[in-house]
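>>> got a sequence here, can you model it:
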Amino acid sequence: MSKYGFLSGIFLLLGILAIAGVLYMVLSYAGATLNAMTDFVTTNDFDVLKNCGVNPPEQFDKIKSDLPTVILPFLYLGLPLLLILIAFLMFLAGKYHEKGRREDEENRKERIESEAEKKVIEKLASERPPPPPPTKKTVRRKIYETETEAPEEEQS
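This is a model prediction of the structure:
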């Protein structure tokens, strides 16, 4: 794996962690809100509510104090910035993934070409060159050799 593939994986991991963090925060906030509502309903009798003797749970006080300082700024400023950050991280992950894929493809092509060149060179080196065409001198020598060998065979 190339360095670009590694960077792509890191940015992808950061994006997934950001998504998981936002998901956890949203679910925990929703869970806290639901718990607060459940506690409010279960601790207070409807007859008491009718008489305006409301006794809110502690979670309502916390939500009431966190609303202008944490919840609204996060919803109006933090969430859009976080989504932009996640989009940027995913863009970088895709960019480096593509760079790594291209680099791996180029390396593969170069390796295949070099292997093909080596095979062609080896094949050419292993083949014997064709013998040179016979000259008059070589033809005469062969004729002479065949003539001198024939009488020796007759003697034996």
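
>>> next, the contact list for Leu89, please.
By Cβ atoms under 8 Å, 6 or more residues apart in numbering, the contact set of Leu89 is 11-12, 14-15, 18. Just so you know, the C-beta spots here come from the backbone N, C-alpha and C atoms, and that holds for glycine as well.

>>> how does it look with 10 Å?
Counting by Cβ atoms under 10 Å, 6 or more residues apart in numbering, Leu89 makes contact with 10-19.

>>> same question, Leu85
Residues in contact with Leu85, defined by Cβ under 10 Å, 6+ apart, are 14-15, 18.

>>> now do Ala32
Counting by Cβ under 10 Å, 6+ apart, Ala32 makes contact with 59, 62-63, 66.

>>> I'd like the mean pLDDT over the longest helix along the chain, please.
Longest helix of the chain, by residue count under DSSP state H: helix 79-126. Averaging pLDDT along helix 79-126 yields 87.

>>> repeat for stretch 132-141
Averaged across stretch 132-141, pLDDT comes to 78.

>>> may I see the buried residues of it?
Going by neighbour count (16 or more other Cβ atoms under 10 Å), nothing in stretch 132-141 comes out as buried.

>>> list of residues touching it?
For stretch 132-141, contacts defined as Cβ under 10 Å, 6+ apart pick out Lys142.

>>> quick one: that stretch to chain centroid distance?
Mean-position distance between stretch 132-141 and its chain equals 68 Å (Cα atoms, centre = their mean, to the nearest Å).

>>> just the C-alphas of that stretch, formatted as PDB.
Only the C-alpha atoms of stretch 132-141 are listed here, as PDB (Å, rounded to 0.1, in the frame of the first residue of the first chain):
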ATOM      1  CA  PRO A 132      25.900 -17.800 -42.300                       C
ATOM      2  CA  PRO A 133      25.300 -18.700 -45.900                       C
ATOM      3  CA  PRO A 134      27.900 -21.100 -47.300                       C
ATOM      4  CA  THR A 135      30.700 -19.500 -49.200                       C
ATOM      5  CA  LYS A 136      32.700 -21.100 -52.100                       C
ATOM      6  CA  LYS A 137      35.500 -21.900 -49.800                       C
ATOM      7  CA  THR A 138      33.300 -23.800 -47.300                       C
ATOM      8  CA  VAL A 139      31.600 -25.700 -50.100                       C
ATOM      9  CA  ARG A 140      35.000 -26.800 -51.500                       C
ATOM     10  CA  ARG A 141      36.200 -27.800 -48.100                       C
END
